[in-house]
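Peer 1: sequence and predicted structure below; questions after.
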Amino acid sequence: MATYDYAIVKLESIRDSEPTDSGKALEDCSTTTETLPRKTSPYGDSSRSEMLAFVPKDVRRVLDVGCHFGAFGRSIKARSSVEVWGVEPNPATADIAAKSLDLVFNDLFSEKLPIPDQYFDAIVFNDVLEHMPDPWEALRLANKKLARNGCVIVSIPNLRHIENLVHILKERDFKYVDRGIRDKTHLRFFTEKSARRLFDDSGLKIVHIQGINEDWWRPSLRRRLAFRFFNKYLADTKYVQLAIIAKKAD
């Protein structure tokens with residue numbers, strides 16, 4: 001049975017890690033660590049080390065939806081002997097991922113793919129659900145593909161990140177950009193509350209949720225005072241993304 005001990009042990013260390021310097025953690029997550037063809041994707045390759053901590057150590061089969069170049073799957077396989085499948089709609093990046101993962105489908109995640117039911121110990125969506133027109137259906141499908149004690153592991157942008165709120169309130173705008181929370185390719189946007197509803201409506205039970213990629217501190221006295229006196233209300237705005245672990249609802 002897959003356990004969550006390894007992930008939970010890591011939670012505090014991730015939460016207490018140093019804030020990012022740039023305020024662009026979503027961009028940083030796409031920073032390439034390898035020499036890859038630039039024309040294959042506007043995003044680089046990343047092992048997403050902060051998300052690896054949420055994958056139970058004893059998983060045997062993992063499905064990485066939106067596996068991109070396959071870096072996250074490679075990091076899982078480097079940690080232990082694991083069978084990793086991927087789903088990736090970009091043919092160029094899927095071709096690269098297929099060289100290191102056990103099986104990669106160059107397609108959208110859907111019922112038509114020959115993916116067995118009740119097979120995977122973990123199904124991962126690293127900043128993928130927000131790109132889908134129907135993330136509810138994607139999670140329902142993932143639920144079917146999970147083994148009895150399996151888990152769904154998700155990283156999702158946090159709409160309530162402080163820099164995004166400042167942009168909306170100060171500039172009275174919602175300007176789409178090439179990367180980040182307001183990425184031009186994002187079709188859906190989530191706060192912690194709406195993310196919880198997404199999972200509830202999809203038949204999955206969240207066993208843990210937390211902010212990751214902390215980025216809120218600035219020299220501004222006004223901001224520091226706001227977080228000091230209204231920390232309970234603003235606590236979730238410190239994080240660029242949310243990390244979620246969920247399993248089948250009882």
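Peer 2: Great, that's in hand.
Peer 1: can you pull the contacts of the residue nearest the centre of the chain?
Peer 2: Geometric centre of the chain, nearest residue: S155, 1.9 Å, by Cα atoms, centre = their mean. Taking Cβ atoms under 8 Å, 6 or more residues apart in numbering, we find S155 in contact with 48, 51, 125-127, 212, 241-244. C-beta coordinates here come from the backbone N, C-alpha and C atoms, glycine included.
Peer 1: switch those residues over to CSV; also include pLDDT, secondary structure and distance to L198.
Peer 2: Output for the contacts of S155, formatted as CSV (pLDDT from 0 to 100; DSSP: H, G, I helix; E, B strand; the rest coil; distance: Cβ to Cβ, whole Å):
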residue, pLDDT, secondary structure, distance to L198
R48, 92, coil, 20
M51, 97, helix, 18
F125, 98, strand, 11
N126, 98, strand, 16
D127, 97, coil, 14
I212, 98, strand, 17
Q241, 98, strand, 15
L242, 98, strand, 11
A243, 98, strand, 14
I244, 98, strand, 9
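Peer 1: got these as CSV, with neighbour count columns?
Peer 2: Output for those, formatted as CSV (neighbours: other Cβ atoms under 10 Å):
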residue, neighbour count
R48, 21
M51, 24
F125, 25
N126, 23
D127, 22
I212, 22
Q241, 26
L242, 24
A243, 23
I244, 26
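Peer 1: ok, the residue lying farthest from the centre of the chain to D215 distance?
Peer 2: Distance from the C-alpha centroid of the chain, by Cα atoms, centre = their mean, peaks at L221 (32.0 Å). Going from L221 to D215 by Cβ to Cβ, to the nearest Å gives 18 Å.
Peer 1: let me see the mean pLDDT of the helix or strand the residue nearest to the centre of the chain falls within.
Peer 2: Using DSSP states H and E, S155 maps to strand 146-157. What strand 146-157 shows for mean pLDDT is 97.
Peer 1: beta-bridge partners for the residue nearest to the centre of the chain, please?
Peer 2: N126, A243 (DSSP bridges).
Peer 1: I'd like to know how far it sits from R48.
Peer 2: Relative to R48, and taking Cβ to Cβ, S155 is found at 7 Å.
Peer 1: next, count neighbours for Q210.
Peer 2: 17 (other Cβ atoms under 10 Å).
Peer 1: buried set for stretch 49-57?
Peer 2: 50-56 (16 or more other Cβ atoms under 10 Å).
Peer 1: report the two of the residues you listed separated the most.
Peer 2: E50 and P56 (15.8 Å; Cβ to Cβ).
Peer 1: what about I123, how many neighbours?
Peer 2: Using other Cβ under 10 Å: I123 sits among 29 other residues.
Peer 1: that one: which element?
Peer 2: Using DSSP H and E, I123 sits in strand 120-126.
Peer 1: show me what that strand is packed against.
Peer 2: If you count contacts as 3 or more Cβ pairs under 8 Å, 6 or more residues apart in numbering; DSSP states H and E, strand 120-126 packs onto strand 61-65, helix 135-145, strand 146-157.
Peer 1: what's the most buried one of the ones you listed?
Peer 2: strand 61-65 (a mean of 25; mean count of other Cβ atoms under 10 Å).
Peer 1: mean confidence for that one?
Peer 2: Strand 61-65 comes out at a mean pLDDT of 98.
Peer 1: same check, this time on stretch 179-189
Peer 2: Per-residue scores along stretch 179-189 average to 97.
Peer 1: now do the same end-to-end measure for that stretch.
Peer 2: Stretch 179-189 has its terminal residues 14 Å apart, counting by Cα to Cα, to the nearest Å.
Peer 1: got the buried residues for it?
Peer 2: Quick answer for stretch 179-189 (16+ other Cβ under 10 Å): 179-183, 186, 188-189.
Peer 1: may I ask which two of those residues are separated the most?
Peer 2: Maximum distance among the buried residues of stretch 179-189 (Cβ to Cβ): 16.4 Å, for R179 and R188.
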